[in-house]
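Chemist: A predicted structure for the sequence below; I have some questions about it.
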Amino acid sequence: MYLRRAEMKDLPQIESIIQDGKTHLAAQNIDQWQGGYPNTNVLVNDIQNGHTVVLVEGYEVLGTAAVIPAPDESYQEIDGEWLTHDNTYVAIHRVAVSANHRGQGLSGKLFAAIFKEIEANSSIKGIRIDTHPDNKGMQHVIKKAGFSETGTVEVLADQQTSIRDFAYEKLTKTGSLVKTH
């Protein structure tokens, strides 16, 4: 099992995993990813910009996430306070794992692989992420991965509706060695 940058040939598997995530959230009555987001255009844009990473075993994509360099527009305003105060962070969005392998700790393995890659870049001091207030499963995964709650951020649920997601940040080894205030 290893992490690599996604290629366009991975799009069908990524879309399937995202759809699995939408279905899983809907089954729990969580109003996250229930509109048109994330859609094919968003996923293609992530891949073309080199932001999407995939956790792979053999030829199967087991998990996916978008790792986006700062500045992240959705993280400019926070009701709370980020641990880092400049653009030395990356944001993780659109995290999902295959329904065929749910319950096998893949989210943790995906995060661990992403963290390892980020740690190789000594200029990154923080990793930011957010999730829906009702998504208790993802909140658990995020906290277990070492993130700290930092407040709430307003994100667009669809074209007309916004929601206040819980925001989290984790300092990298570089970030934890540097005083951020």
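Modeler: Nice, thanks for sending it over. Numbers count the residues shown, from 1 in each chain.

Chemist: give the other helices and strands that whichever helix in the chain runs longest contacts.
Modeler: Taking DSSP state H as the criterion, the chain has its longest helix at helix 11-27. If you count contacts as 3 or more Cβ pairs under 8 Å, 6 or more residues apart in numbering; DSSP states H and E, helix 11-27 packs onto helix 40-48, strand 52-57, strand 60-69, strand 89-97. Any C-beta I mention is one placed from the backbone N, CA and C, and that applies to glycine too.

Chemist: put the alpha carbons of it into CSV.
Modeler: Presented in CSV, the C-alpha positions along helix 11-27 are these (Å, rounded to 0.1, in the frame of the first residue of the first chain):
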residue,chain,number,x,y,z
LEU,A,11,-10.7,9.5,-12.2
PRO,A,12,-13.3,6.7,-12.5
GLN,A,13,-12.1,5.0,-9.3
ILE,A,14,-11.9,8.4,-7.5
GLU,A,15,-15.4,9.3,-8.6
SER,A,16,-16.6,5.9,-7.4
ILE,A,17,-15.0,6.4,-4.0
ILE,A,18,-16.5,9.9,-3.7
GLN,A,19,-19.9,8.5,-4.6
ASP,A,20,-19.4,5.8,-1.9
GLY,A,21,-18.7,8.7,0.6
LYS,A,22,-21.9,10.6,-0.5
THR,A,23,-24.0,7.4,-0.1
HIS,A,24,-22.4,6.7,3.3
LEU,A,25,-23.1,10.2,4.5
ALA,A,26,-26.7,10.2,3.2
ALA,A,27,-27.3,6.8,5.0
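
Chemist: could you give the angle of it to strand 60-69?
Modeler: Put simply, helix 11-27 runs at 90 degrees to strand 60-69, going by axes from the mean of the first three to the mean of the last three Cα atoms, to 10 degrees.

Chemist: helix 11-27: which residues count as buried?
Modeler: 11, 13, 14, 15, 16, 17, 18, 20, 21, 22, 24, 25 (16 or more other Cβ atoms under 10 Å).

Chemist: make TSV from the residues you listed and add pLDDT and distance to residue 163 to it.
Modeler: What follows is the buried residues of helix 11-27, written out as TSV (pLDDT from 0 to 100; distance: Cβ to Cβ, whole Å):
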residue	pLDDT	distance to residue 163
11	97	27
13	96	28
14	97	24
15	97	23
16	96	25
17	96	22
18	96	18
20	92	22
21	93	17
22	93	16
24	93	18
25	93	13
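
Chemist: and which of those residues is nearest residue 129?
Modeler: residue 21 (14.8 Å; Cβ to Cβ).

Chemist: hmm, residue 96 and the closest one touching each other?
Modeler: Yes: using Cβ atoms under 8 Å, residue 21 is in contact with residue 96, at 3.9 Å.
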